[in-house]
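Participant: Sequence and predicted structure, then a few things I'm wondering about:
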Amino acid sequence: MTRLFLPVLVILAASANALEVREVPPLVKSDRALAAELERGCWELIYVLDGGGSAGEVSARLSRLTDGYSERLRSGSYAYQLLLGRLAYAVGDLERARETMMRASGLNPAAAEPLAWVAVVELKRGRLEAALSAANTALELDPLQPVAREVARGVLVLLSDSAGTFSSKEPEAVEELLAGDRSFSRGEYGEAALAYGRALELDPAFVEARLYLGDCRYRTGDYAGALVEYRRAVELNPEFAPAWSFMGDALAALERTDEAVEAYRRALELDPDYAGPRAKLRQLGVAP
């Protein structure tokens, strides 16, 4: 992987860190004391991090916290598993973060969020195939899971670079794309759209910038505008499966179901392992 792609990984990780902790689900009475202890311990560590505490210090204290409750944690609350996993990720303990998120997934197999975090961890490790697999599994559970979608999108772009398509772009256009991604991850879709537009001014054939510009339109409810951009992305690269899948999303939002089905099926023809369009077809009650 070239140095050019490192900011993409940082952006995706930052997007994951922006996730809100879910509310604590109802706990049985015998678990309330443990829940309170864990909450105090976890938030204390977060304050230490925010106050400039070293990752090593927090990591050691996190180990003591989790080891002290290891047996009970395995049957503990799903929400606290997520919180502990996020802490482990924040201090760079990727193995513990992955294990904790997998435990959370076991506590709530229908939840997509823990698997989205597993995808982030694998991406941070540079294990692109594992990251894509986890993200796709999360998308099968929730096709709109934002972090899983961002990870899957980023990994697909990185993998597609094996032919040198991304690294051959104008550096200024790439910088604008990355600026757009930073704004997009913060939910600043107007600013992101401006950055992607500048990238396209510098390089009109920049298919990823065109695709992400469509995403900005989609996120703000401008489904017709999103469809225009996704169609342009397909015109730039008819073999780019995400463009077909996202075009299907816009068509579905516009209640043009038959066309959406065609777009999703085309995405699967190009990439049979692409979980997003497969899940969308199931939602529409149509066989892939």
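Facilitator: On my side now, so go ahead.

Participant: ranges for the helices of the stretch 101-250 of the chain?
Facilitator: 113-125, 128-141, 146-160, 171-185, 189-202, 207-219, 223-236, 241-253 (DSSP state H, counting those that start in this stretch).

Participant: Where among those is average confidence lowest?
Facilitator: Ranked by mean pLDDT, the helices of the stretch 101-250 of the chain bottom out at helix 146-160, which scores a mean of 70.

Participant: circling back: need the helices of the stretch 101-250 of the chain in a markdown table with mean neighbour count and distance to residue 264, can you?
Facilitator: (C-beta placed from N, C-alpha, C; glycine too.) Converted to a markdown table, these look like this (neighbours: other Cβ atoms under 10 Å; distance: least, Cβ to Cβ, whole Å):
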| stretch | mean neighbour count | distance to residue 264 |
| --- | --- | --- |
| helix 113-125 | 26 | 21 |
| helix 128-141 | 21 | 13 |
| helix 146-160 | 22 | 15 |
| helix 171-185 | 20 | 23 |
| helix 189-202 | 20 | 24 |
| helix 207-219 | 24 | 15 |
| helix 223-236 | 20 | 12 |
| helix 241-253 | 24 | 4 |
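
Participant: Any chance of those in JSON lines with distance to residue 267 as columns?
Facilitator: Shown next, in JSON lines, are these (distance: least, Cβ to Cβ, whole Å):
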{"stretch": "helix 113-125", "distance to residue 267": "19"}
{"stretch": "helix 128-141", "distance to residue 267": "13"}
{"stretch": "helix 146-160", "distance to residue 267": "11"}
{"stretch": "helix 171-185", "distance to residue 267": "21"}
{"stretch": "helix 189-202", "distance to residue 267": "21"}
{"stretch": "helix 207-219", "distance to residue 267": "12"}
{"stretch": "helix 223-236", "distance to residue 267": "10"}
{"stretch": "helix 241-253", "distance to residue 267": "4"}
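
Participant: need the contact list for residue 228.
Facilitator: Neighbouring residues of residue 228 by Cβ atoms under 8 Å, 6 or more residues apart in numbering: 214, 217.

Participant: could you measure it against residue 263, distance?
Facilitator: 14 Å (Cβ to Cβ, to the nearest Å).

Participant: same deal with residue 140?
Facilitator: 18 Å.

Participant: cool, and residue 96?
Facilitator: Residue 96 sits 40 Å away from residue 263, going by Cβ to Cβ.

Participant: which one of these two has more residues nearby?
Facilitator: The residue with more neighbours, out of residue 96 and residue 263, is residue 263; 27 against 20, by other Cβ atoms under 10 Å.

Participant: quick one, what contacts the more buried one?
Facilitator: Residue 263 sits next to 244-245, 247-248, 251, 277 when contact means Cβ under 8 Å, 6+ apart.
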